[in-house]
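Q: The following block contains a protein sequence and its predicted model.
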Amino acid sequence: MKRVLSRMIAAGGLVLGASVMSTSFAADGAPAPAKPDAAKGAQLFQQGDAARGVIACITCHGPGGNSSIPANPNLAGQPHEYLAKQLHDFRTKEGAKLPARLGPGGNPSPMSALAQPLTPQDIQNVSLYLATQQLTQPATAGHENLVELGQKIWRGGLPERNVPACASCHSPSGAGIPGQYPRLAGQFPSYLEEQLKLFRSGDRKTNEPMHTIADRMSDTDIKAVADYAAGLR
């Protein structure tokens with residue numbers, strides 16, 4: 001993934017602010033969570049909660065959210081609001097058949113089962129904990145032949161196809177904007193590529209503008225800009 005975005009396209013595909021999070025939880029009939037507690041988030045991330053079927057997040061996402069497995073994204077240093085939104089979208093709301101965020105083929109992703117037992121408070125706590133962590137093991141770019149195209153899309157977009165510059169929302173360095181747009185710098189390129197393709201196919205239905213943007217990009221465009229983002233610092 002935010003998540004190849006434009007400020008003119010509201011929240012992009014990867015993020016919503018804290019006020020949206022509160023509204024979403026209220027719509028589910030659940031009380032608004034208390035002030036996030038990073039210490040409790042750390043405990044849940046590192047140890048899980050076997051009594052409730054919550055698996056320790058560190059198992060897949062690594063110490064402090066620094067993953068060593070490309071299929072599992074780096075979470076360290078991501079905006080608190082972004083992480084909370086994604087965890088919320090992985091859960092199936094009461095009365096719904098499927099979660100808002102799906103994987104390939106329109107099927108629930110493995111994260112859906114992992115996020116389901118989390119309470120709104122759990123989500124706020126673990127999201128705040130991860131937001132305070134440092135990305136110490138960033139991924140790197142790996143396709144020298146795609147640098148020029150990736151840089152072009154990141155810095156200037158593809159005007160001829162109405163694809164906005166990624167840097168306009170994720171910042172030139174890829175650090176994102178806290179509370180608005182996620183960090184893409186140092187994220188695994190294969191993960192970013194997969195998320196853009198999920199937006200393009202419509203399987204990731206959480207943001208229509210991102211579907212529109214990704215739908216205007218070729219496989220080569222997507223691979224190039226995903227690889228370029230991975231190499232940003």
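A: That came through, no problem.

Q: Domain-wise, how is the protein divided?
A: Residue ranges for the domains of the chain, per the TED database: 38-132, 144-231.

Q: Quick one: the helices in the chain, in order.
A: 18-27, 38-47, 58-61, 80-90, 110-115, 120-131, 147-156, 167-170, 189-201, 208-215, 219-230 (DSSP state H).

Q: out of the domains of the chain, nearest to residue 138?
A: Nearest to residue 138 among the domains of the chain is domain 144-231; the distance by Cβ to Cβ comes to 2.7 Å. C-beta: built from backbone N, CA, C; applies to glycine.

Q: Where does pLDDT dip in the protein?
A: Scanning the chain with the threshold set as pLDDT under 70 gives 1-31.

Q: Swap in 90 and give it another go.
A: 1-34, 169, 177-181, 205-210 (pLDDT under 90).

Q: What are the buried residues along stretch 45-55?
A: Neighbour-count burial for stretch 45-55 flags 45, 48, 54 (criterion: 16 or more other Cβ atoms under 10 Å).

Q: And for stretch 83-100?
A: Result for stretch 83-100 [16+ other Cβ under 10 Å]: buried residues 83-91, 99-100.

Q: Residue 174: which of those residues is nearest?
A: Taking the buried residues of stretch 83-100 together and measuring to residue 174 by Cβ to Cβ, the closest member is residue 83, at 16.8 Å.

Q: Roughly how far does the closest one sit from residue 168?
A: 22 Å (Cβ to Cβ, to the nearest Å).

Q: Repeat that for residue 75.
A: For residue 75, the distance to residue 168 - Cβ to Cβ - is 24 Å.

Q: And those two? Which one has more around it.
A: Between residue 75 and residue 168, counted using other Cβ atoms under 10 Å, residue 75 has the larger neighbour count: 28 against 20.

Q: Now do the same contact list for the closest residue in space to the more buried one that isn't next to it in sequence.
A: Of all residues not flanking residue 75 in the chain, residue 65 sits nearest, at 3.5 Å (Cβ to Cβ, 6 or more residues apart in numbering). Neighbouring residues of residue 65 by Cβ atoms under 8 Å, 6 or more residues apart in numbering: 45, 57, 74-78, 130, 133, 135.

Q: cutoff 7 Å now
A: Going by Cβ atoms under 7 Å, 6 or more residues apart in numbering, residue 65 touches 74-76, 130, 133.

Q: Same check on residue 118?
A: Neighbours of residue 118 in contact, by Cβ under 7 Å, 6+ apart: 54, 87, 91.

Q: if we compare the helices of the chain, which one ends up closest to residue 70?
A: Once the helices of the chain are compared by Cβ to Cβ, helix 189-201 is nearest, at 4.9 Å.

Q: Just the residues contacting that closest one, thanks.
A: 1, 4, 13, 70, 73, 104, 139, 141-142, 184, 204, 210-211, 214-215, 217, 222-223, 226-227, 229-230.

Q: Can you flag the buried ones in the residues you listed?
A: Buried among the contacts of helix 189-201 by 16+ other Cβ under 10 Å: 1, 4, 13, 73, 139, 141, 184, 204, 210-211, 214, 217, 222-223, 226-227, 229-230.
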